[in-house]
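> I'll drop the sequence and a predicted model, then ask my questions.
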Amino acid sequence: MTQKQTTGMIPEHFLGKAVLKMHTLDLQEFVESQLAENPALTLRDAATCPVCGGDLTGGRCLQCGLRPAENYDSHILKYREDEYPSPDSDFPEDFPEPFLAVASPQNLTDYLKEQIRIHLPENLHSVANFIADSLDEDGYLREPLIDIADYLGLSVPQVESVLRLVQTLDPPGIAARDLRECLLIQLNQLDTGDPDVSLVRVIISEYWELITRMRLDKLAADLHVSKDEICRSLDFMRKHLNPYPASVFRDPWSRLVPLDSPRTVPDIIVRHAEEGLVAEIADSISHRIAIDDFYDSLLSEISQKRQAARDSDWIHIRESVSKARLLIEALEFRKSTLRKIADELLRYQAEFFTKGPSALKPMTKKELALRLGLHESTICRATQDKSVRLPSGEVIPLETLFDAALPVKELIRNFCAERLNDGEIVQRLRELGINIARRTVAKYRSQIGIPRVDYRVA
């Protein structure tokens, strides 16, 4: 016989790490499945929001942000009992209007399809809707017309004729197949009597290669105009034309996240309060999970041998209660860990939450782990796939707070607005004490969605 020590993970470690990695929606689904499987678990009742029906945590709805007053409770109960209250029901004058806090779920595709139903003949709706569904996040049609025609059983000219009609819809420049076509579509919807529009149209349609290479002297010579007129045309393009037609349907913070990622319920909510910025954990279900009183008392009686039970019943009760306790401990561990992370990030990155991306301070997950006295792997699991709602209402990935290049990207965005090229941006950054290569500037510019053609004046 030999004696040896081995390292391993006990069941509560497995469950705790698995729960820690879950974001809010996954956690809710997991807890609901555990409630269905384990009879020793119970879900306590909780107050609900009178506007959206969400759970109230700390007297505040984490879905719509409403903090209802205490005197609303009786009216909520009366509304639910009557279901359809009479117009003269005794509601407070400041009772919130439910539809004021409801955000419109309309996106670009829905918006286009509404216009298609109104402006296009009914026999073209199916083809036009297919084109609307095929647009990418920037509003461009990247699918070849021959593939669309083959799928719909039509000819290419038939599909192209419908595409021309879709391109007349709002927003201007939608359903273009490239940047050049996008700009020309927008020009066609502007005042044709404007002399600047005429010159810009000629530049884009006939001298596209010269303008993309910014050969302004050659362009002015070929068009027999002065360089100042070319510069004025470029300024007109920058002010009146949009290379990303679908950008009006994206919130400002969407540039920090992948465009294909779905919108999620935030895991951490940062908001303004009387005492300043505060962070809340958007977990409306963990504090409601408890061990069923009947199973808890039954286990206590059997353990004290005050009540006889068969071995199978004893094993069932003991395992059910044990699993319930493990789940509750795992939920508490997740919530306390997220609370520590949120408080430390709020303290260290306070300027980021008030001033924006340019005020973000560099911080790695390893540094955060040292500050909190936790293992780096715990921080990685806790921040994985999590999101945070800013005081402005935007929801961004929690990983954004660990992007050390974010302030530099914001500076590059501002410099691009001044129509500087990559080399000039490198020089401006060096003046600020930031030394990065030109290819790095080009990479960051691409990541934040600045087009190659930024209409810079040479």
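Here it is on my side, so go on. Numbers count the residues shown, from 1 in each chain.
> ok, which stretches of the protein are strands?
Along the chain, the stretches classed as strands by DSSP state E are 41-43, 56-57, 60-61, 268-273, 276-281, 289-291, 387-389, 395-397.
> Direction included, what does the fifth one pair up with?
Each strand that strand 276-281 pairs with, and the sense of that pairing, follows from DSSP bridges: strand 268-273 (antiparallel).
> now could you export just the CA positions of stretch 228-248 as PDB?
Extracted in PDB, the C-alpha atoms of stretch 228-248 (Å, rounded to 0.1, in the frame of the first residue of the first chain):
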ATOM      1  CA  ASP A 228      -8.800  75.400 -55.000                       C
ATOM      2  CA  GLU A 229     -11.900  74.300 -56.800                       C
ATOM      3  CA  ILE A 230     -10.800  70.600 -56.400                       C
ATOM      4  CA  CYS A 231     -10.200  71.200 -52.700                       C
ATOM      5  CA  ARG A 232     -13.600  72.800 -52.400                       C
ATOM      6  CA  SER A 233     -15.100  69.800 -54.100                       C
ATOM      7  CA  LEU A 234     -13.400  67.400 -51.700                       C
ATOM      8  CA  ASP A 235     -14.600  69.500 -48.800                       C
ATOM      9  CA  PHE A 236     -18.100  69.200 -50.200                       C
ATOM     10  CA  MET A 237     -17.800  65.400 -50.400                       C
ATOM     11  CA  ARG A 238     -16.600  65.200 -46.800                       C
ATOM     12  CA  LYS A 239     -19.500  67.300 -45.500                       C
ATOM     13  CA  HIS A 240     -22.400  66.000 -47.600                       C
ATOM     14  CA  LEU A 241     -21.600  62.400 -48.600                       C
ATOM     15  CA  ASN A 242     -21.600  59.400 -46.300                       C
ATOM     16  CA  PRO A 243     -19.400  56.300 -47.200                       C
ATOM     17  CA  TYR A 244     -21.400  54.200 -44.700                       C
ATOM     18  CA  PRO A 245     -25.100  54.700 -45.400                       C
ATOM     19  CA  ALA A 246     -26.200  52.300 -42.600                       C
ATOM     20  CA  SER A 247     -24.300  54.200 -39.900                       C
ATOM     21  CA  VAL A 248     -27.400  56.100 -38.900                       C
END
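> what's the distance between Ser247 and Met237?
The gap separating Ser247 from Met237 is 16 Å, by Cβ to Cβ, to the nearest Å. Every C-beta, even on glycine, is put in place using the N, C-alpha and C of the backbone.
> right, I mislabeled it, should have said His287
56 Å.
> And for Leu124?
Leu124 sits 32 Å away from Met237, going by Cβ to Cβ.
> The closest residue to Leu346 other than its chain neighbours: how many residues sit nearby?
With sequence-adjacent residues excluded and distances taken as Cβ to Cβ, 6 or more residues apart in numbering, Leu346 is closest to Ala279, at 4.7 Å. Ala279 has 20 neighbours, counted by other Cβ atoms under 10 Å.
> beta partners of Ala279?
For Ala279, the beta-bridge partners are Val270 (DSSP bridges).
> can I assume it is in contact with Asp267?
No. When contacts are counted by Cβ atoms under 8 Å, Ala279 is not listed as touching Asp267 (10.7 Å).
> How far does stretch 187-207 stretch from one end to the other?
End-to-end distance of stretch 187-207 (Cα to Cα, to the nearest Å): 15 Å.
> Could you report the pLDDT at Arg339?
Looking at Arg339, its pLDDT stands at 92.
> where exactly do the helices run in the stretch 101-250 of the chain?
108-119, 125-133, 145-152, 156-166, 179-188, 195-206, 208-212, 216-223, 227-240 (DSSP state H, counting those that start in this stretch).
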